[in-house]
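Novice: Test case, fold it:
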Amino acid sequence: MTKEKVLEALSNVQEPDLGKDIVTLNMVKDIEIEGNYISFTVVLTTPACPLKDMIKNACVNAIQLHIGKEAIVNIKFTANTNSNRTDPKTILPKVKNIIAVISGKGGVGKSTIASNFALALARDGAKVGLLDADIYGPSVPIMFGVRGERPMMMNVGDKGMIVPLEKYNIKLMSIGLLVDEKNAVVWRGPMVTQALEQLLKDTRWRELDYLVVDLPPGTGDIQLTLAQKVPVTGVVIVTTPQDIALIDARKGLKMFEKVGIPILGVVENMSFHICPKCGHESHIFGAGGAEKMSREYGTELLGQLPLDEAIRSQADSGKPTVVSDPDGPVAEIYRRIARRCAVKIAESQRDMTSKFPNIVVQNT
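Specialist: The predicted structure follows:
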């Protein structure tokens, strides 16, 4: 039995999301063989991979089929979430991927989705942070049940740093944790953008697989600051099916397209309502709006969430849906959205050939 034989057997195992075998994708590492005992590591596309058990079973079956049923297989899993926008001079060097959650219009449930999106990534094993970048209307302290709590300060070298709060395995930072919620933040644009930069750079995030940034509505100073000064991996756009919301969602999409930041997809919130008494499904804000927008701009409709009183009450109580009802149907929608984004990021990081220029040498 040789490593070549093991690799030959594993070349029959497909990565379900990427559609190629795990050997071609360079996912198999550290093969060790001792008698009938075979051990190796599989490097997953993301710690949020929902198909780990399927890949494990496929590996065991492939080895026993091609090498022999007497083979004893031990598989370890790790994940590669290195950002394809790594720059040694960038801010947040220990944060591998930054995902911005945006909406053109307020009141579409963006913060609720950003919170549950971050929780879904963490539930699948990723190290996640959540930055509430809505300086004028922070809501993350309420949604995570940390109202009134204050983050600690610590010195790192000669610089003071903010230690983010941690709740439900999420590192949290918000202007709402630094300013009394009864006091209005009355700042002009330059002060707001400076506050955002400080929340990003002066927070001791440590190592994160994903930092989810909950942006305020619109396409103003905060959005421009994030797009121009932070290596954003991708953007998730939140809208409702209503035309008024879709008009502004399109503006947000075009803004981030113009600055070269990938659009991961669109999430349609308040897509439908199920009557709790009779079970009738009604489309209060219209139907098909986000699907049409996704087709129009060549992006993906990541998921559709219901208009449900429980989602609101869970967020207001400080226990968002993924925490309070982790096995429920709405939490499953959030998990599918998060997993799909994680896979799309992993795909973009593996296919880097288009990122490098062609070099042509010629006589002059």
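Novice: Can you tell me the element the residue lying closest to residue 176 once chain neighbours are set aside falls in?
Specialist: What sits nearest to residue 176 in space, not counting adjacent residues and going by Cβ to Cβ, 6 or more residues apart in numbering, is residue 138, at 3.3 Å. From N, CA and C alone the C-beta is placed, and that goes for glycine too. Using DSSP states H and E, residue 138 maps to neither a helix nor a strand.
Novice: Isn't residue 138 up against residue 174?
Specialist: Yes. Here residue 138 reaches residue 174: they are 4.6 Å apart, a contact under Cβ atoms under 8 Å.
Novice: what touches both of the two?
Specialist: residue 132 (Cβ atoms under 8 Å, 6 or more residues apart in numbering).
Novice: between the two, which one's more packed in?
Specialist: Each of residue 138 and residue 174 has its neighbours counted (other Cβ atoms under 10 Å); residue 174 has more, 26 against 23.
Novice: give the contact list for the more buried one.
Specialist: 131, 132, 138, 140, 141, 199.
Novice: Can I get those residues in CSV including distance to residue 124, pLDDT and secondary structure?
Specialist: As requested, these are exported to CSV (distance: Cβ to Cβ, whole Å; pLDDT from 0 to 100; DSSP: H, G, I helix; E, B strand; the rest coil):
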residue, distance to residue 124, pLDDT, secondary structure
131, 20, 95, strand
132, 22, 93, strand
138, 26, 87, coil
140, 20, 91, helix
141, 25, 92, helix
199, 26, 88, helix
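Novice: which one among those residues gets closest to residue 106?
Specialist: residue 138 (13.1 Å; Cβ to Cβ).
Novice: contacting residues for that closest one?
Specialist: 132, 174, 175, 176, 181.
Novice: Among the residues you listed, which are located in helices?
Specialist: Using DSSP state H, no member of those falls in helices.
Novice: What's the PyMOL syntax to select whichever of the residues you listed are buried?
Specialist: Burial among those is assessed by 16 or more other Cβ atoms under 10 Å; the matching PyMOL selection reads:
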select buried, resi 132+174+175+176
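Novice: I'd like to know which of the contacts of residue 138 are part of strands.
Specialist: Among the contacts of residue 138, the residues falling in strands (DSSP state E) are 132, 174.
Novice: which of the contacts of residue 138 has the weakest pLDDT?
Specialist: The member of the contacts of residue 138 with the lowest pLDDT is residue 181, at 72.
Novice: wait, that residue sits on residue 146?
Specialist: No. At 11.3 Å, residue 181 does not count as touching residue 146 under the criterion of Cβ under 8 Å.
Novice: Quick check: which ranges of this structure have low pLDDT?
Specialist: Residue ranges of the chain with pLDDT under 70: 47-50, 80-90, 184, 349-364.
Novice: Now do the buried residues in the longest helix along it.
Specialist: Longest among the helix segments of the chain by residue count, using DSSP H, is helix 329-350. Neighbour counts over helix 329-350 (16+ other Cβ under 10 Å) mark 330-331, 333-335, 337-346, 348-350 as buried.
Novice: Okay, helices next: where are they in this structure?
Specialist: 3-10, 52-66, 110-123, 140-143, 189-201, 221-229, 243-258, 289-297, 309-316, 321-324, 329-350.
Novice: just checking, what packs against the first one?
Specialist: On a contact count with 3 or more Cβ pairs under 8 Å, 6 or more residues apart in numbering; DSSP states H and E, helix 3-10 meets strand 28-34, strand 37-44, helix 52-66.
Novice: what does that helix contact?
Specialist: 21-23, 28, 31, 33, 38, 40, 59, 62-63, 65-67.
Novice: what do you get if the cut-off is 7 Å, keeping everything else the same?
Specialist: With Cβ atoms under 7 Å, 6 or more residues apart in numbering as the test, helix 3-10 has contacts from 22, 23, 28, 31, 33, 38, 40, 59, 62, 63, 66, 67.
Novice: With the last one instead?
Specialist: Around helix 329-350, the neighbours that count as contacts under Cβ under 7 Å, 6+ apart are 17-18, 25, 45-46, 48, 50, 82, 84, 97, 99, 116-117, 120-121, 124, 233-234, 236, 262, 264, 267, 302-303, 305-306, 308, 311, 321-322, 325.
Novice: Give me the buried entries from those residues.
Specialist: 17-18, 25, 45-46, 48, 50, 84, 97, 99, 116-117, 120-121, 124, 233-234, 236, 262, 264, 267, 302-303, 305-306, 308, 311, 321-322, 325.
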